[in-house]
Each structure stands twice: as C-alpha cells, then as structure tokens.
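# I need the structure of the sequence given here:
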Amino acid sequence: MTADSFETLLVETRGPVALIALNRPDKLNAISPAMVPELHRALDAAEADDDIRAVVLHGTGRAFSSGFDLQDEEDWSDAAAVRKALTNDFNMIMRFWDCPKPTVAAVHGYCLGGALELALACDMTVASESCRLGAPEAKFGSGIVALLLPWMTGPKLAKELLLTGNDRLTARRAYEMGLINEIVPDGEHLEAALKLARRVAVADRTSVTLTKVAINRSLDTMGLRQALAQALELDVLIESGETPESRQFNDILKNEGVKAALAWREARFGDS
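Numbers count the residues shown, from 1 in each chain. Next up is the predicted model:
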C-alpha cells in the first residue's frame, strides 16, 4: 500500500495490515464531508494492494469519533439533495462492510452516531473499557444512515438504544448487546485490534475472503440490503421534513448551541 496525502486521515501500513486513522482530533474526529471521499480513497488503496490482508480503522486523540459533524451539515429542505448526501454517507459506511479484506474497528473515548454505524460495519470491533458508545440521533431529530444495529442486537435492544437516543452506552453493555468483540484496558485498543487483524492476516486468504462473502450473503438473503435501503429512505424523510418541534429545536441549536437545545428538549416534560 503506497503512502498518499490526506487532510482528514492518517494512513500507514504495519506488515500485512493497513491502518486508517480518523484524524480530526480537535473535532473529536467528527466525520466531515471531506472525510467521506478520503475514506473511499484509503480503502481503494488497501484493496488494490496485494500485500494488505486486513484493515484496522481507529481514531487519533481523545476519541474514535463523535459521528457526523453537525457544524458541516446544511439546512436541507430539498429531499433530493438530502438523499444524495445521505447516500454518500451510507455508501462510505458500507464500504467497510463490503471490503474484500477483513476490517477491524478500534474504538476509544466516544463512538457515537455515524461513528457507531461505521464501527458496526467493520467485521470486528475492539473497544477500550472507558469507551462510551451510542446513537443520539433521536435527540437531534435525525435518523440513522445505515441501520445495521437491529441485525446485530435484535429489535428490542435496537429500539432501546435508538428510540431513547442513548449516547452513554458502556463498553460492557455494548459487549453484552453483541456490538463489540473485545473490551481491553484503556490505551490498548489499537494494539488489540492489530493483534486481531494479524490473526486474520495469517489465515488462508481465499478462505477468509469467501467466508466473509458467505456471511454477508446470508444476511442479504434474509433481506438486509432491502431493509437498509428502506431505512435510508425514511432517514431522508426525517432529515428533509420539518415540524413545529424540529423547527424550535433547530432555532435553539442555531442561536444558542447544542447544550441549550438538548436542555430545552429534556425540560419539556419536567421530571418525567
């Protein structure tokens, strides 16, 4: 895998493993519009390099990622424009699911929203024990771009997480829900992910590649792709629609910031 220049990523090779680091540490590695094509480009390079047999995705600084960057979002009113933007995000997430080389996510700090979807799209996920995961989209009046969660947890747990907008899920709880493979002490998440990737790398390449295809196809046969496409269309409706509630929330968000908007939402029903 040849070195390349990226503005939002750090890409390196360690033996048969390609490392892709989300590199916006001052923004908690929030996924910006510029990061989306760079992730495609990094995966293109890893997939084209015969010496690479696995990919590890991680984040620099204090967190894996806080999710899609709200400050970079536009005020969408055109459903076609919303659909195009969300489809770009969806395709980027699913690149890790479809990558012919196994993908491992190493998460720490925060792994929220779109970043959680990205970690779920990887074949395996390692988390530091203090990591907090979650999907706060419902608190912001947003939807889920790649609705992989119910396929991993079942509907009850998926609804518990998504309908409450829980963004403080512990690594232990995420492990119990089947969202991560391993919990490691803080600071050891990347090395643990590399160790897992190297174990994959030494296995037979054809067996690994085709077994991943077989697993993914079994889920496709059960309707995964069709369900994801339908969920994405519903996300378009969520993001492009406007209600009195969403209008008031967005006004507070724009004028007073995230904390004030969330405080308004929490305060509407008092102690309940």
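
# pull the CA atoms of the helix ranked longest in the chain into CSV?
Criterion DSSP state H: the longest helix present in the chain is helix 79-98. What follows is the C-alpha trace of helix 79-98 in CSV, where atoms were taken according to Å, rounded to 0.1, in the frame of the first residue of the first chain:
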residue,chain,number,x,y,z
ALA,A,79,-35.4,15.9,-0.4
ALA,A,80,-33.3,15.1,-3.5
ALA,A,81,-30.3,17.0,-2.0
VAL,A,82,-30.7,15.2,1.3
ARG,A,83,-31.0,11.8,-0.4
LYS,A,84,-27.8,12.5,-2.3
ALA,A,85,-25.8,13.5,0.8
LEU,A,86,-27.2,10.6,2.9
THR,A,87,-26.5,8.1,0.1
ASN,A,88,-22.9,9.3,0.0
ASP,A,89,-22.6,8.7,3.8
PHE,A,90,-24.3,5.3,3.5
ASN,A,91,-22.0,4.1,0.7
MET,A,92,-18.9,5.2,2.7
ILE,A,93,-20.1,3.2,5.8
MET,A,94,-20.9,0.1,3.8
ARG,A,95,-17.5,0.1,2.1
PHE,A,96,-16.2,-1.3,5.3
TRP,A,97,-18.9,-4.0,5.3
ASP,A,98,-18.3,-4.9,1.7
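
# continuing past it, what's the next helix or strand?
On the C-terminal side of helix 79-98, the nearest following helix or strand under DSSP states H and E is strand 103-107.

# can you pull out the strands in the chain?
In the chain, strands defined by DSSP state E lie at 9-14, 17-22, 54-59, 103-107, 110-112, 124-128, 132-134, 169-170, 182-184, listed in chain order.

# tell me which strands the shortest one pairs with, and in which orientation.
Think strand 169-170. Each strand that pairs with strand 169-170, with its direction, by DSSP bridges: strand 132-134 (antiparallel).

# hang on, the earlier thing: packing partners for the longest helix of the chain?
Judged by 3 or more CB pairs under 8 Å, 6 or more residues apart in numbering; DSSP states H and E, helix 79-98 is in contact with helix 35-48, strand 103-107, helix 114-121, helix 224-240. Yep, even glycine has a C-beta here, placed from its N, CA and C like the rest.

# give me that answer again for 6 Å
Applying 3 or more CB pairs under 6 Å, 6 or more residues apart in numbering; DSSP states H and E, we find helix 79-98 packed against helix 35-48, helix 114-121, helix 224-240.

# deepest-packed of those, please.
Using mean count of other CB atoms under 10 Å, the stretch among those with the largest mean neighbour count is helix 114-121, at a mean of 27.

# and that helix, C-alpha only, in CSV?
Backbone C-alpha positions of helix 114-121 (Å, rounded to 0.1, in the frame of the first residue of the first chain) are rendered in CSV as follows:
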residue,chain,number,x,y,z
GLY,A,114,-22.5,7.7,12.4
ALA,A,115,-19.2,6.6,14.0
LEU,A,116,-21.1,3.7,15.7
GLU,A,117,-22.6,2.8,12.4
LEU,A,118,-19.0,2.8,10.9
ALA,A,119,-17.8,0.5,13.7
LEU,A,120,-20.7,-1.8,13.2
ALA,A,121,-20.0,-2.0,9.5
